[in-house]
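Engineer: Let's see this in three dimensions:
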Amino acid sequence: MPHILAANFAAAQTPFESAGLKFLFASIGKEGVAGVQAQNRNFLLHFSPRNDATILKVDKATRPPFLESVKLALVEFANASGATIIRKNFGEIKSVVFSDLFYEPNEFIAKFDRGKKLWIEAGFGSGRHILQNAKRFSDKLHLGAEIHRPSAMRLLRRAEEQGVGNVAALLCDAKTLLAALPSACAERVFAHFPIPWDKSPDRRIFSEPFVKEALRVLEKNGVLHLRTDSQSYFNRALEIAKKFENAAIETKTNEEAITRSKYEDRWRRLNKTIFDLFLTNLRDQTQRSISYNFDFPNAIKPKGEIARGLIANSEKFLLKADRRWQLANEGYLVRLIMGDRLALQTAYLLAQNDRVAYFPSEPIHSPSNFLAHNALIETLYG
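Structural biologist: Numbers count the residues shown, from 1 in each chain. Predicted coordinates for the structure are as follows:
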């Protein structure tokens, strides 16, 4: 990830604009954060002491897939702070280009056209499978949910280079995304070669909650497809699948795929067995949408503040504040851990001038995040 090592650093006064970027706020102290806006997309920079210097880098949870904007923000903030750049791990900064194929999760859901046939890939790795599917099935919209940002960047770059426009990439956990999508909106859901997690099976994506949401999101006769080289994963997934009476089960072994991933190519060369599990949704369900309001009652002054520590905890959600920074222009920023206990999301709460809002954007509009949001409102407003 891009970073800078600087001497004589002291966070610049905000807000200010430079090189087409808006620097919205900064915290006080030698260790802290700064909020940046680039073409209406927000992210955070972190700065912290490193021996006799300061290291500046981008926040992992908020960094955009377009790193040229991050590099530019690092240089401009260091310069505005009067610092001397000792070293940076990147060269010339190229033009900042944003992709029309990248969406924030809530942005995609709000703009989703129900007239398009949707195929969803839960984790797309190198992007080969989703790109080849997009070319072969050009009448579908192919949505990839991936938590690994370099993979998302690579997919976007290849899609644009190859002129593939029916692909969309989201940086998010697929389990949380499915919980936020409207019912009966997809034809296919793929989970190809997910991490086996043999030592931590609770972390596997193919779980009862995942299957429940996948079947809800699938239209009638839509298919959830698991493909794995792990027999233990396959056996456990089959046990889970049998619990759902509204789904027909089909299994295959060493079936040749229409599109092979790089991962599968490697296992084929080693003569490993490949297992397929297909669940076909048999339920004809109402196409209902899920709508949650993640606003704060800013017409009312908050009665309290958010302190570090556990805020709420239940079987359905968790809410914790694990970091807090005081801002130079009054107010504070809190890092929150929230949502489904098996798919927790990092979010930030920005409080300034008696107003609070999420930064850089609202959490994914899932049921568990909404429960956590209500607990947050209760803490702030009583």
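Engineer: Let me see the mean pLDDT of stretch 242-259.
Structural biologist: Looking at stretch 242-259 alone, the average pLDDT works out to 89.
Engineer: Report the buried residues of that stretch.
Structural biologist: The neighbour-count check on stretch 242-259 (16 or more other C-beta atoms under 10 Å) flags 244, 247 as buried. All C-beta spots, glycine's among them, are computed from the backbone N, C-alpha and C.
Engineer: who's in contact with whichever strand or helix holds residue 220?
Structural biologist: Assigned by DSSP states H and E, residue 220 belongs to strand 218-228. Strand 218-228 has contacts (C-beta atoms under 8 Å, 6 or more residues apart in numbering) with 184-194, 196, 206, 211, 214-215, 234, 237, 247, 257, 264, 274-285.
Engineer: now the angle from the helix or strand following that strand to strand 218-228?
Structural biologist: As assigned by DSSP H and E, the chain's next helix or strand after strand 218-228 is helix 231-241. Angle, helix 231-241 to strand 218-228, by axes from the mean of the first three to the mean of the last three C-alpha atoms, to 10 degrees: 160 degrees.
Engineer: Show me what helix 231-241 is packed up against.
Structural biologist: On a contact count with 3 or more C-beta pairs under 8 Å, 6 or more residues apart in numbering; DSSP states H and E, helix 231-241 meets helix 208-217, strand 218-228, strand 247-253, strand 275-281.
Engineer: Need the contact partners of stretch 39-48.
Structural biologist: With C-beta under 8 Å, 6+ apart, stretch 39-48 has contacts from 9, 11, 20, 24, 30-36, 54-59, 61-64, 69-70, 73-74, 77, 96, 98, 104, 348, 359-361.
Engineer: Okay, and which of those residues map to strands?
Structural biologist: Using DSSP state E, the members of these that fall in strands are 24, 32-36, 54-58, 348, 359.
Engineer: residue ranges of the helices in the stretch 51-200 of the chain, please?
Structural biologist: In the stretch 51-200 of the chain, the helices defined using DSSP state H, counting those that start in this stretch lie at 67-80, 105-111, 128-136, 149-161, 174-180.
Engineer: got a list of what residue 23 touches?
Structural biologist: Residue 23 neighbours (C-beta under 8 Å, 6+ apart): 12, 14, 15, 16, 17, 34, 35, 36, 73, 76, 77, 80.
Engineer: again, only using 10 Å
Structural biologist: When contacts are counted by C-beta atoms under 10 Å, 6 or more residues apart in numbering, residue 23 touches 11-17, 34-37, 45, 73, 76-77, 80.
Engineer: Just the buried ones among these, please.
Structural biologist: 11, 12, 14, 34, 35, 36, 37, 45, 73, 76, 77, 80.
Engineer: okay, the closest residue to the second one other than its chain neighbours: pLDDT?
Structural biologist: Closest residue to residue 12 apart from its sequence neighbours, by C-beta to C-beta, 6 or more residues apart in numbering: residue 80 at 3.9 Å. Model confidence at residue 80, given as pLDDT, is 96.
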